[in-house]
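S.K.: Show me the folded form of this:
(chains A and B, ligands or ions: 2)
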Amino acid sequence: MIDLPFIYDAFVQLCSGIPLTLQLVAVSVASGAVLAIALAAMRLSSWPPLDLLARIYIFIFRGTPLLVQLYLIYYGLSQFPELRKTFLWPFLREAYWCAALALALNTAAYSAEIIRGGVLSVPAGQIEAARAYGMGGFTLIRRIIAPQALRQMLPGYSNEVILMVKSTALASTITMMEVTGLAAKLISATYRPVEIFIAAGAIYLLLNFIVSRLFKLFEYRLSAAQRQPLYRRAAGENA
Amino acid sequence: MMNAPLAPAVKISGLEKSYGAYKVLHSISFSANQGEVVSILGASGSGKSTLLRCINMLEVPDAGEISIHGESYRLTQRSGFAPRVADPKQLLRLRSQATMVFQSFNLWSHLTILENLIEAPVHVQKRKRAECVAEAEALLERVGIADKRDFYPAHLSGGQQQRAAIARALAMRPKIMLFDEPTSALDPELVAEVLKVMRDLAAEGRTMLVVTHEMGFARDVSNRVLFLHKGLIEEDGHPEQVFSNPKSERFRQFISKHNA
Ligand SMILES: Nc1ncnc2c1ncn2[C@@H]1O[C@H](COP(=O)(O)OP(=O)(O)OP(=O)(O)O)[C@@H](O)[C@H]1O
Ligand SMILES: [Mg+2]
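M.R.: Ligands and ions are numbered 1, 2, ... in the order given. Okay, here's the model as predicted:
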């Protein structure tokens, strides 16, 4: 029998893992996005070696399980004594930074392809018009390409962020006490996995609900150009 | 030398351009004076767009010289490589002076019509926003779409989009306007409204280079016609003269095919 009060108690206890879960998401999504922009730029560059390098990176990080990447970073990096001497070591011996690194490297591979798709979706004629009107380099990217690419890639990218929220659960396998880590600890104390995993699942559902609403809102704000003018009038945007 | 009073608006000499092994333009030379409206005619693939695109360096020519109001584009070339523009600042300046209107409008779809008009003046020419907005509103009024100021391009008809694109070109305060088949993507009933705007521009003495298939425009509005065939100028003269008495046999055929 499902014990609702117990599920509720578990839910409340697991909530204390939310800050760590969100931190892992924020750190890895933010740094992953920076890396993804660089990778997408390499993929779009006209110099073949750069493109090839990015392709290889994406091939590896999309083609292997995140769990394997996480273990290789957490257990594997300590095998290199040289690394232990660098400034990176204080970070990389921490499970937290290993988890953040694995998540970031992984999401960068997927996001790079999403960004590339967004950039390629900008009509060539509009880019040509921008050049003809004297835009180039950073102005062209900032004023013409980025706003349109961003709008185009948002649905795909919101999927990626939702996947990242769920992927943080893997960090529990390397001692992180985020939502799933706390759930595992609670289970070993109570031997009631079903109720506790229901509570954990509910938390992820809630987080992802918020994530997807935020993206929807953002998407709405960026898509004025696609909406009917009368509808915009009614919404008071043209006042 | 720069801006000498008698310098032609556009001067092209020995212009050559190839794509790979295929030579599109063979040593084109001509100049257009200030206030001239030049119609450029020719069959599909004869190099009309390429010629126009060389004038604002959307395509960099392989050889030859192009100058706008007496100022020549500076190009550099390393041996074995295609020529490149040497001076980005100059490129920007000359592009602002010769603005292009495209066959498929190419308005920026994420910006409203007004924003389209002030985009380059504000972010390229670095002019004051308020001044650009005022000027843009006047231009929209002039091309008859003042009420579409806050609409996005997707919500305008083709003719309205092209008029907005012409206003965008005017907003740069250009010395020369380049039109690449501005009415070819339009439904027949929308062609007239765009041609009217272009007639008005011609009447106020603007320098215009117009690639077109509109024989009526070439005949009645322009004061000079160039006929391009396989990358060479085959006919060059006043419309009255070339239409009634063409020197080139191919232009004769071209006219009869377009029943002009
Ligand atoms: N970027 C390019 N790469 C390779 N070939 C090109 C390129 N642009 C144009 N060409 C070729 O150059 C030739 C001239 O093209 P251009 O666009 O100047 O012709 P056009 O006279 O404008 O024709 P249309 O009336 O169809 O617009 C064509 O044969 C075309 O296939
Ligand atoms: Mg053409």
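S.K.: measure B:Lys196 to A:Tyr157 for me?
M.R.: 45 Å (C-beta to C-beta, to the nearest Å). (Each C-beta comes from the backbone N, C-alpha and C, glycine too.)
S.K.: And the helices in chain A?
M.R.: A:4-14, A:18-44, A:48-63, A:66-71, A:81-84, A:89-92, A:95-120, A:124-132, A:137-140, A:146-167, A:179-190, A:193-222, A:229-234 (DSSP state H).
S.K.: out of those helices, deepest packed?
M.R.: Comparing the helices of chain A by mean neighbour count (mean count of other C-beta atoms under 10 Å in any protein chain shown), helix A:95-120 comes out on top with a mean of 22.
S.K.: Could you list every helix and strand in contact with that one?
M.R.: helix A:18-44, helix A:48-63, helix A:66-71, helix A:89-92, helix A:146-167 (3 or more C-beta pairs under 8 Å, 6 or more residues apart in numbering or on different chains; DSSP states H and E).
S.K.: rank those by pLDDT, which is bottom?
M.R.: Mean pLDDT per stretch puts helix A:89-92 lowest among the helices and strands packed on helix A:95-120, at a mean of 85.
S.K.: what stretches of chain B score poorly on pLDDT?
M.R.: B:1-6, B:259-260 (pLDDT under 70).
S.K.: picking that back up, for the helices and strands packed on helix A:95-120, please prepare a markdown table with the additional fields distance to B:Gly216.
M.R.: A markdown table is the format used below for the helices and strands packed on helix A:95-120 (distance: least, C-beta to C-beta, whole Å):
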| stretch | distance to B:Gly216 |
| --- | --- |
| helix A:18-44 | 44 |
| helix A:48-63 | 49 |
| helix A:66-71 | 66 |
| helix A:89-92 | 73 |
| helix A:146-167 | 37 |
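S.K.: how about the strands of chain B, start to end?
M.R.: B:10-19, B:22-32, B:37-42, B:63-68, B:71-72, B:75-76, B:84-85, B:98-101, B:176-180, B:207-211, B:224-229, B:232-237 (DSSP state E).
S.K.: thinking again about what came up before, ok, which of the helices and strands packed on helix A:95-120 comes nearest chain B?
M.R.: In terms of C-beta to the nearest C-beta, the element of the helices and strands packed on helix A:95-120 nearest to chain B is helix A:146-167, at 4.9 Å.
S.K.: elements contacting that closest one?
M.R.: Looks like helix A:146-167 contacts helix A:18-44, helix A:95-120, helix A:193-222 (3+ C-beta pairs under 8 Å, 6+ apart).
S.K.: how about the residue nearest the centre of chain B, what does it touch?
M.R.: Closest to where the C-alpha atoms of chain B average out (C-alpha atoms, centre = their mean) is B:Leu178, at 1.0 Å. Shown in contact with B:Leu178 (C-beta atoms under 8 Å, 6 or more residues apart in numbering or on different chains): B:52, B:55-56, B:98-101, B:208-209.
S.K.: okay, now the closest residue to it other than its chain neighbours: neighbour count?
M.R.: In this structure, B:Leu178 finds its nearest non-sequential neighbour in B:Met100, 4.5 Å apart by C-beta to C-beta, 6 or more residues apart in numbering or on different chains. By the criterion of other C-beta atoms under 10 Å in any protein chain shown, B:Met100 has 26 neighbours.
S.K.: Now do the same contact list for B:Met100.
M.R.: With C-beta under 8 Å, 6+ apart, B:Met100 has these contacts: A:129, A:132, B:52-53, B:56, B:58, B:169, B:177-180.
S.K.: gap between it and B:Met172?
M.R.: 10 Å.
S.K.: again, but for B:Ile55
M.R.: 15 Å.
S.K.: Determine the longest helix present in chain B.
M.R.: Chain B, longest helix under DSSP H: helix B:188-203.
S.K.: Residues touching that one, excluding its own?
M.R.: Contacting residues not belonging to helix B:188-203 are listed as B:37, B:142-144, B:157-159, B:162-163, B:166, B:170, B:177, B:179, B:182-183, B:186, B:208, B:210, B:214, B:216-217, B:221-222 [C-beta under 8 Å, 6+ apart].
S.K.: Please indicate which of the residues you listed are buried?
M.R.: Applying 16 or more other C-beta atoms under 10 Å in any protein chain shown to these, the neighbour count classes B:37, B:142-143, B:158-159, B:162-163, B:166, B:170, B:177, B:179, B:182-183, B:186, B:208, B:210, B:214, B:217, B:221-222 as buried.
S.K.: so how far is the longest helix of chain B from its chain's centroid?
M.R.: Distance, stretch centre to chain centre, for helix B:188-203: 15 Å (C-alpha atoms, centre = their mean, to the nearest Å).
S.K.: Buried ones in that helix, by neighbour count?
M.R.: B:190-191, B:193-195, B:197-198, B:201-202.
S.K.: next one: stretch B:169-178
M.R.: Applying 16+ other C-beta under 10 Å to stretch B:169-178 flags B:169-172, B:174-178 as buried.
S.K.: same check, this time on stretch B:138-156
M.R.: Buried residues in stretch B:138-156, counting neighbours by 16+ other C-beta under 10 Å, are found at B:139-140, B:142-143, B:145, B:148-153, B:155-156.
S.K.: Stretch B:231-249 too?
M.R.: For stretch B:231-249, by 16+ other C-beta under 10 Å, it's B:231, B:233-235, B:239, B:242-243, B:246, B:248.
S.K.: Same question for stretch B:50-63.
M.R.: B:50-62.
S.K.: quick one: contacts of that stretch?
M.R.: Against stretch B:50-63 from outside (C-beta under 8 Å, 6+ apart): A:128, A:131-132, B:10, B:12, B:14-18, B:24-25, B:27-28, B:40, B:66, B:68, B:73, B:75, B:82-85, B:91, B:94-95, B:98-100, B:176, B:178, B:180, B:209, B:211, B:228.
S.K.: which of those are close to ligand 1?
M.R.: B:Val24 (C-beta under 6 Å from any ligand atom).
S.K.: Can you select the buried ones from the contacts of stretch B:50-63 in ChimeraX?
M.R.: With 16+ other C-beta under 10 Å as the burial test, the buried ones among those are selected in ChimeraX as follows:
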select /A:128,131,132 /B:10,12,15,16,17,18,24,25,28,40,66,68,73,75,91,94,95,98,99,100,176,178,180,209,211,228
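S.K.: circling back: report the angle between the axes of the longest helix of chain B and strand B:207-211?
M.R.: Angle of helix B:188-203 versus strand B:207-211, following axes from the mean of the first three to the mean of the last three C-alpha atoms, to 10 degrees, is 150 degrees.
S.K.: Kindly report the residues of chain B close to ligand 1.
M.R.: So chain B meets ligand 1 at B:19, B:24, B:42, B:44-50 (C-beta under 6 Å from any ligand atom).
S.K.: With distance to A:Ile114 as extra columns, can I get those residues in CSV?
M.R.: Formatted as CSV, these follow (distance: C-beta to C-beta, whole Å):
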residue, distance to A:Ile114
B:Tyr19, 33
B:Val24, 38
B:Gly42, 43
B:Ser44, 38
B:Gly45, 38
B:Ser46, 42
B:Gly47, 40
B:Lys48, 39
B:Ser49, 34
B:Thr50, 36
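S.K.: which of those are buried?
M.R.: Using 16+ other C-beta under 10 Å as the burial test, the residues of chain B next to ligand 1 include B:24, B:42, B:46-50 as buried.
S.K.: Most proximal residue of the stretch 151-260 of chain B with respect to chain A?
M.R.: For the stretch 151-260 of chain B, C-beta to the nearest C-beta, closest residue to chain A: B:Tyr152, 4.1 Å.
S.K.: ok, and the closest non-adjacent residue to that residue?
M.R.: A:Ala225 (4.1 Å).
S.K.: same deal with A:Tyr133?
M.R.: Looking at A:Tyr133 with C-beta to C-beta, 6+ apart, the closest residue is B:Ala120, at 3.9 Å.
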